[in-house]
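Undergrad: Mind looking at a prediction? Sequence and model below.
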Amino acid sequence: MNNIVDIKYDRMGTSSSTNALGMREMQAMTYEVREQQYLLIKAPPASGKSRALMFLALDKLAHQGIKRVVVAVPEKSIGRSFANTDLRKYGFFADWRVAPYFNLCDVTNEKNKTDRFKEFFNQHTARILVCTHATLRFAMKEMADEAFNDTLLAIDEFHHASADAESGLGDVVRRLMAGTSAHLVAMTGSYFRGDGVPVLRPEDEDRFHRVTYNYYQQLNGYKYLKSLGIGYHFYQGQYLRALADTTLLDTDKKTIVHIPSVNSRAATGDKYDEVQQIMDIIGDKVDTDYENGVYTLKRRSDGKLIKVVDLVEDDANERNRVQSFLQRMSGRDAVDIIIALGTAKEGFDWQWCEHCLTIGVRGSLTEVVQIIGRCTRDCEGKEHAQFTNLIAAPEAAQDRVEVAVNDMLKAITASLLMEQVMAPSWKFRTSREEAEGGEGDRRTLVIEGLKPLSTEKTRHIVASDLDDLKATILQNDMIVKAMGGNTPPEVINNVLIPKIIKEKYPECTDDELEEVRQHVILDTITKGGEVVVGGDGTRFLKLSNRFVNIDQLSIKLIDTINPFQRAYEIMSKSVTAPVLKIIQDTIAEQRMSITKEEAVVLFRSEIPAYMEKSGGKLPEPTDPNPQVRRLAEAIAFVRNEKIRHMMKMTYEKEGGNA
């Protein structure tokens, strides 16, 4: 399979090695600012956020006057990350201990969770409680805010909060910040939301001290994992048939299969039947471990036994039994394949996972980032991690083709975002800064016309928020439409992007917005840029498939380059030409305003004349000449009408069973 993104890492070991206190690189960065009242930790999956919180919390309990710690996670299975942990033997001053009674994520005790949560605040023996976001929200409806005085509240997967007034989790945060002495630690691997709503209001976010550790720092510092592939595979018909007919589901790889939502276009409508068909593709069932919910299947090709866990089951007792087993499993051979629907995404810890096979386009880039994080944990014996998204190829004859187009754009956007997040950053300097001297390195670029970061706010945004800001931009409907159209790069760079930045940072002045805008565009265009040194020593940077003299880089030049055009270039390397043509034609069709009458006239008169003049070449929807684009629209309109007519005839001929 060809990957849209295929990245290799140096395996320097820096993100996995520990210091004298037993802290990894990101954890040490966080511990340095442990006295901050409000901390926002933005770090990718598997970077060690859970243990970073343990170090912070234990220090606050011992040295900062904090009396109790509450840790809230999105779902019970993630509570495993905050189980009892020995820290003393690695050099720290205390161990992390959670009393079983106050581990409200323990599926062996589901009774009276809200009451136990409230009881925790009225006792003085246990000092740490672990619960779900839901339990926190329910309990807070029955408690006074003042109960959280001298309490540390840590919220894992913080992007579940929202600045929306209806957000229960966001309301908890706002209440505690407004009227209590509580300390807050917010942790997330993706500080952006699929619905475009900010996680925090700007005035609240400004009160947080941010610690940012990006994907590239994490993956480049691993010991074992050396490459990551991100690929999109397109199918016609039903996805189950595609799974059976291809080698996508490699049963020699530790794999999480995420089936599509029941209401999605890719689903069959019966999630239980889909699970059974996937199991049948894997092999023949030979044994069932009812106690742990593990199915043993025999692969037909060679008889190899494959252990499969089903997380799609709705029965609460069955689901708890399976989740309990997954929390306890400690060996590579315990499970081979996990089939899931809404679970096993964010925070799910299965370090041996090598492949995430996701069926159907995900509407949120947050979800894509989280799913990829399931297979990017470092462990011995795993050199390559793979994310594969199996997507239905759009057909020009679909009644709701706009849904497929929208999905395809999201897939392209996600592919571009992943490459940006996981590639090393350039350091940008103004001409004045270069003249004044100072340290630079081989990834430092001097940009003529670049505005210096003149305020603490813009420096903080560029240093800590750039990836999240780009994610917000990439998910914006205006940008999505611009990617699929012929919007000039100057309009994208100087009109659309500034508008989105202003919405995210309304308190910024015009000068501050321009400083941030320039760095967003620069970082987007130069991510992963290839440098070539000429024979005379001149350095050239590859931008938009052309090499530009680094000494001649300027904002004026950068602003004429479409920062998102490469998404289509990347996609074309991985998709066959016919499928790519269908996608591009379908996208073009959504912008058509041509009538049937006009299409017929052009098809009969203008198009034959054009083809005779062009030597038989058809007009293209991307032609710079608007008259030629109109001819291409006419062809697309007539072709689609013909396809629809043929499908209708076939359907009627076969008695409505086509």
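TA: Great, that's in hand.
Undergrad: For the rest of this, base every contact and every neighbour count on C-alpha atoms.
TA: Fine.
Undergrad: and stretch 273-291, how far apart are its ends?
TA: When the termini of stretch 273-291 are compared using C-alpha to C-alpha, to the nearest Å, they are 22 Å apart.
Undergrad: Begin at 12, not 1, for the rest of this chat.
TA: Right, with 12 as the first residue, what we last looked at is stretch 284-302.
Undergrad: quick one: contacts of that stretch?
TA: Residues outside stretch 284-302 that contact it (C-alpha atoms under 8 Å, 6 or more residues apart in numbering) are 251, 254-255, 262, 270, 279, 305-311, 317, 321, 323, 332, 350.
Undergrad: try it again with 7 Å
TA: Residues from elsewhere that reach stretch 284-302, judged by C-alpha atoms under 7 Å, 6 or more residues apart in numbering: 255, 305-311.
Undergrad: filter the residues you listed to the buried ones?
TA: Listed as buried from those are 305-310; burial here means 16 or more other C-alpha atoms under 10 Å.
Undergrad: Output the below-cut-off pLDDT ranges for the stretch 462-611 of the chain.
TA: 494-497, 539-541, 555-556, 577-603 (pLDDT under 70).
Undergrad: now the strands for it?
TA: Using DSSP state E, counting those that start in this stretch, the strands assigned to the stretch 462-611 of the chain run over residues 542-544, 550-554, 557-560.
Undergrad: which regions of the stretch 12-161 of the chain lie under the pLDDT threshold?
TA: Across the stretch 12-161 of the chain, the ranges flagged by pLDDT under 70 are 12-13, 15-18, 20-27.
Undergrad: related to what we said a few turns ago, now tabulate the contacts of stretch 284-302 in CSV and tack on distance to residue 356, secondary structure and pLDDT.
TA: Listed next are those as CSV, based on distance: C-alpha to C-alpha, whole Å; DSSP: H, G, I helix; E, B strand; the rest coil; pLDDT from 0 to 100:
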residue, distance to residue 356, secondary structure, pLDDT
255, 24, helix, 87
305, 19, strand, 92
306, 21, strand, 95
307, 23, strand, 96
308, 24, strand, 97
309, 27, strand, 96
310, 27, coil, 94
311, 30, coil, 92
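Undergrad: quick one, phi/psi of the nearest residue to residue 249 once chain neighbours are set aside?
TA: Using C-alpha to C-alpha, 6 or more residues apart in numbering and skipping residues adjacent in sequence, the residue nearest residue 249 is residue 277, 7.4 Å away. Residue 277 adopts backbone torsions of phi -80, psi -20, taken as degrees, to the nearest 10.
Undergrad: ok, residue 277 touching residue 253?
TA: No: taking contacts as C-alpha atoms under 7 Å, residue 277 lies outside contact range of residue 253: 11.7 Å.
Undergrad: For the stretch 162-311 of the chain, just list every one of the helices.
TA: For the stretch 162-311 of the chain, applying DSSP state H, counting those that start in this stretch gives helices covering 179-190, 213-216, 226-231, 250-256, 282-293.
Undergrad: Which stretch among the ones you listed is buried most, on average?
TA: Among the helices of the stretch 162-311 of the chain, ranked by average contacts under mean count of other C-alpha atoms under 10 Å, first place goes to helix 226-231 (a mean of 24).
Undergrad: how deep is the residue lying closest to residue 200 once chain neighbours are set aside tucked in, by neighbour count?
TA: Residue nearest to residue 200 in three dimensions, not counting chain neighbours: residue 55, with 4.2 Å by C-alpha to C-alpha, 6+ apart. Neighbourhood size, residue 55 [other C-alpha atoms under 10 Å]: 26.
Undergrad: Quick check: phi and psi at residue 55.
TA: The phi/psi pair for residue 55 (degrees, to the nearest 10) reads phi -70, psi 170.
Undergrad: How much space separates it from residue 479?
TA: For residue 55, the distance to residue 479 equals 12 Å [C-alpha to C-alpha].
Undergrad: one step back: correct me, but the residue nearest to residue 200 touches residue 223?
TA: No: taking contacts as C-alpha under 7 Å, residue 55 lies outside contact range of residue 223: 9.4 Å.
Undergrad: how about the contacts of stretch 284-302 in CSV, adding distance to residue 47?
TA: Conversion of the contacts of stretch 284-302 to CSV gives the following (distance: C-alpha to C-alpha, whole Å):
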residue, distance to residue 47
255, 53
305, 45
306, 48
307, 50
308, 52
309, 54
310, 54
311, 58
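Undergrad: Widest-spaced pair of the residues you listed?
TA: Farthest apart among these by C-alpha to C-alpha are 255 and 305. That separation is 22.1 Å.
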